[in-house]
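sequence plus the predicted model coming up.
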Amino acid sequence: MEIPLSPLDFARRARRLYGNREAVVDLGQRFTYEVFSDRCDRWSAVLQSLGIRQGDRIACIALNTHSQLESFYAVPQLGAVLVPLNYRLTPQDFAYLIQHSGSRLVCAHSDYLDALDSIRADIPDVEHFVSFEGARPGWLDYEHLIARTPPTFKRPEIGENDLLTINYTSGTTSRPKGVMITHRNAYMNVVGTLLHFPMTSADRYLWTLPMFHANGWTFVWTVTAVGGSHVCLRKVDPRTAFAVINDESVSGLCAAPTVLISLANAPEELRRSARRGVRVLTAGAAPAAATIQRVEDELGWEVTHIYGMTETSPFISVCESRPQHNALPPQQRATIKARQGVELITSGELRVIDSNGCEVPRDGETMGEIVARGNIVMSGYFRDPEATAHALRGGWMHTGDVAVVHPDGYIEIRDRLKDVIISGGENISSLEVESILVTHPAVQEAAVVGMPHEKWGEAPHAFVVLKDGARVTEKELRDFARRSMAHFKVPAVFTILEELPKTATGKIQKYVLRSGRAAIARQ
Ligand code: AMP
């Protein structure tokens, strides 16, 4: 028998088995799986009554709310395609993405209605606008529609290779591309996640990660698959996050390293009273070993490091813990945990290859590009066959990430292809320099980029953000760097910034640093 693999099947099962359990908590509202599923069905019925058909695209601009979560079920169960957009983009970006995706309907959280109204003339193909929170002229009211529409609609046949979502990548360097994720892709990622990061219906998952980012790393469906509870969080500031973690007995969360840093550096009274034992999945950028160790030591949480990209649904490797790792002293264990690890059971094959396509030796030194092939790899970029062919050339997804392979087979990312700094013919890994700079007691975060240099062609330039109240001079930082790394790697210039420019998903925008537009700190 062959039944299409789809995360929608997890929702069917959750409703049947966990109907009375809490599915979602969002501010004061709490829905059981029965109520949540009924709301999803009503939303599907509304969409169908508005003329939405299989294959249509629906754009969604929302914070982590129950209505955003409901859309991850209501839209796909019609065979339609959800396009969750990054809410931190500009109105012009919204217009471009809505037009590019050909969305027929846009739904949005109240904070974004003005932005969307300001671009209506640029999105002529959108037929309906739905406001998730409250009525307004020109907008249909989500709650009102759901309340008055019975939960009946015609379910189409959905194939596992049908499109589930289009996720526009954050665009650190160029125009975003629409990653096409299929039902099968997402299903495989959910199963793989649960094999390596097991959860049960007792788990309470905190939405620190935006749901729009690679579908919340598929946790929009992963939590439902086990009948766990989704605890929504609209804005991540440490005080709110710690309060919700304690009040809602949160047991797990996903976070980019930048969020972990902000939690690990929160005021001591918050850290001291934080609930222990929270399991954290971190990805999106390389976490420093020091960050992992701080989170584990100071908060008593357990960190699992995972790596991937939107194009791979997103997980392609996990730093799987082995018994011999647990016997190591904390610092060494954290150093291993900071590696990106090995392929997941379900993600398919991962290789690190040189420019001839040959695998690099397992020596922990030779760098190569990470490539992957498996059931988690996207079907392509929406309306961009050229970019698709380039990314998937030779039958492998080319990640553009540069890694070494250690003798035990664990990969460690050293750079992104475009971020390698070539100084006087020597390759310098910006990540390596960054990870050393953050071990300075005054430094909270560091980013290193290549800048033109008269003598060396290119030289590293370090941008650092200091810890609250810390003071340090450029000379002290340079002396520290000279003591800690090969001299050719020492940044030629150090600049102290108020904060690093980042995308909504926590990636440092190195192009902003290169352009000299970042805000310099007043010392
Ligand atoms: P995105 O598609 O926006 O999630 O970005 C994917 C990119 O983020 C990857 O290609 C990597 O460059 C980076 N990335 C994701 N996870 C990690 C990780 N664990 N370590 C280092 N870089 C990462």
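Thanks, I have it. Numbering: from 1, shown residues only.

helix or strand: which one has His390?
His390 belongs to helix 385-391 when elements are defined using DSSP states H and E.

how about the next helix or strand after that helix against the ligand, any contact?
The element immediately downstream of helix 385-391 (helix or strand, assigned by DSSP H and E) is strand 397-405. Yes. Counting by Cβ under 6 Å from any ligand atom, contacts between strand 397-405 and the ligand involve 399, 401. Quick note: C-beta positions are derived from backbone N, CA and C, even for glycine.

got the contact list for strand 397-405?
With Cβ atoms under 8 Å, 6 or more residues apart in numbering as the test, strand 397-405 has contacts from 307, 309, 311-312, 316, 340, 352, 359-373, 377-378, 390-392, 411-418, 420, 429.

if we can go back for a sec, list the buried residues in the helix holding His390.
Neighbour counts over helix 385-391 (16 or more other Cβ atoms under 10 Å) mark 388, 391 as buried.

got it, and stretch 330-337?
Under the neighbour-count criterion of 16+ other Cβ under 10 Å, stretch 330-337 has 333-337 buried.

what mean pLDDT does it have?
Regarding stretch 330-337, the rounded mean pLDDT is 94.

that stretch near the ligand at all?
No. Stretch 330-337 does not reach the ligand (Cβ under 6 Å from any ligand atom); its nearest approach is 10.7 Å.

next: stretch 188-202.
No. Under the criterion of Cβ under 6 Å from any ligand atom, stretch 188-202 makes no contact with the ligand; the nearest approach is 12.6 Å.

end to end, how far does that stretch reach?
Using Cα to Cα, to the nearest Å, the end-to-end distance of stretch 188-202 comes out at 23 Å.

could you check the pLDDT of Leu164?
98.

oh sorry, the question was meant for Ala135
86.

residues in contact with the closest residue to it other than its chain neighbours?
Leaving aside its sequence neighbours, Ala135 sits nearest to Asp141 (Cβ to Cβ, 6 or more residues apart in numbering; 4.1 Å). Residues near Asp141 by Cβ under 8 Å, 6+ apart: 130-131, 134-135.

save those as TSV, and put in distance to the ligand and secondary structure too.
Converted to TSV, the contacts of Asp141 look like this (distance: Cβ to the nearest ligand atom, whole Å; DSSP: H, G, I helix; E, B strand; the rest coil):
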residue	distance to the ligand	secondary structure
Val130	27	strand
Ser131	28	strand
Gly134	31	coil
Ala135	35	coil
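
wait, Thr222 sits on Leu194?
Yes. Thr222 is in contact with Leu194 according to Cβ atoms under 8 Å; the separation is 6.4 Å.

just want to know which of those two has more residues nearby.
Between Thr222 and Leu194, Thr222 has the larger neighbour count (other Cβ atoms under 10 Å), namely 26 against 15.

check contacts around the more buried one.
190, 193-194, 199.

switch the cut-off to 6 Å
190, 193 (Cβ atoms under 6 Å, 6 or more residues apart in numbering).

low-confidence regions, the stretch 1-150 of the chain specifically.
For the stretch 1-150 of the chain, no stretch is flagged by pLDDT under 70.

break down it into its strands, ranges please.
Remark: strands assigned in the stretch 1-150 of the chain by DSSP state E, counting those that start in this stretch are 22-26, 29-32, 57-61, 81-84, 103-108, 128-131, 140-141.

may I have the strands that pair with the first one, each with its orientation?
Read that as strand 22-26. Pairing partners of strand 22-26, with direction, according to DSSP bridges: strand 29-32 (antiparallel), strand 229-231 (parallel).

so for His100, which of those strands sits nearest?
strand 229-231 (29.3 Å; Cβ to Cβ).

pLDDT of the closest one, averaged?
Across strand 229-231, pLDDT averages out at 98.

do stretch 213-224 as well
97.

how far does it sit from its chain's centre?
Relative to its chain's centre, stretch 213-224 lies at 10 Å (Cα atoms, centre = their mean, to the nearest Å).

just the CA trace of that stretch, in CSV.
Extracted C-alpha coordinates of stretch 213-224, given in CSV (Å, rounded to 0.1, in the frame of the first residue of the first chain):
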residue,chain,number,x,y,z
HIS,A,213,11.5,30.5,9.0
ALA,A,214,11.5,27.3,7.1
ASN,A,215,8.1,26.5,8.6
GLY,A,216,9.6,26.9,12.1
TRP,A,217,12.0,24.2,11.1
THR,A,218,8.9,22.1,10.6
PHE,A,219,8.0,22.3,14.3
VAL,A,220,4.5,23.6,13.2
TRP,A,221,3.9,19.9,12.4
THR,A,222,6.5,18.1,14.6
VAL,A,223,4.9,19.2,17.9
THR,A,224,1.5,18.2,16.6
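
in it, what counts as buried?
By 16+ other Cβ under 10 Å, the buried positions in stretch 213-224 come out as 213-224.

can you tell me how far the residue of the chain positioned farthest from its centre sits from the ligand?
Centroid-distance maximum for the chain: Lys455 at 38.8 Å, with Cα atoms, centre = their mean. Distance of Lys455 to the ligand, computed by Cβ to the nearest ligand atom, to the nearest Å: 30 Å.

mind starting the numbering at 56 from now?
Sure thing, new numbering starts at 56, so read that last one as Lys510.

what about the host helix or strand of Val350, distance to the chain center?
Using DSSP H and E, Val350 falls within helix 344-354. In terms of Cα atoms, centre = their mean, the centre of helix 344-354 is set 20 Å apart from its chain centre.

what pairs with the helix or strand just after it, parallel or antiparallel?
Downstream of helix 344-354, the first helix or strand assigned by DSSP H and E is strand 357-363. Sheet pairing of strand 357-363 (DSSP bridges) gives strand 334-337 (parallel), strand 370-373 (antiparallel).

so which of the strands paired with strand 77-81 is nearest the ligand?
Nearest of these to the ligand, taken as Cβ to the nearest ligand atom: strand 284-286 at 20.7 Å.

now do the buried residues in the very next helix or strand once past the closest one.
With elements assigned by DSSP H and E, the helix or strand that comes after strand 284-286 is helix 293-302. Residues of helix 293-302 classed as buried by neighbour count (16+ other Cβ under 10 Å): 293, 296-297, 299-300.

how far is helix 293-302 from where the chain is centred?
Averaged C-alpha coordinates place helix 293-302 at 21 Å from its chain's average position (Cα atoms, centre = their mean).

since we're on the nearest residue to Gly193 once chain neighbours are set aside, how many residues are nearby?
Of all residues not flanking Gly193 in the chain, Phe184 sits nearest, at 6.3 Å (Cβ to Cβ, 6+ apart). For Phe184, the number of neighbouring residues by other Cβ under 10 Å comes to 18.

how about Leu568, secondary structure?
Following DSSP: H, G, I helix; E, B strand; the rest coil, Leu568 is assigned to helix.

now the strands for the stretch 406-555 of the chain?
With DSSP E, counting those that start in this stretch, the ranges of strands along the stretch 406-555 of the chain come out as 423-428, 435-436, 452-460, 466-471, 476-478, 481-483, 498-508, 512-521, 548-552.

for Arg67, find the nearest of those strands.
Nearest to Arg67 among the strands of the stretch 406-555 of the chain is strand 435-436; the distance by Cβ to Cβ comes to 28.3 Å.
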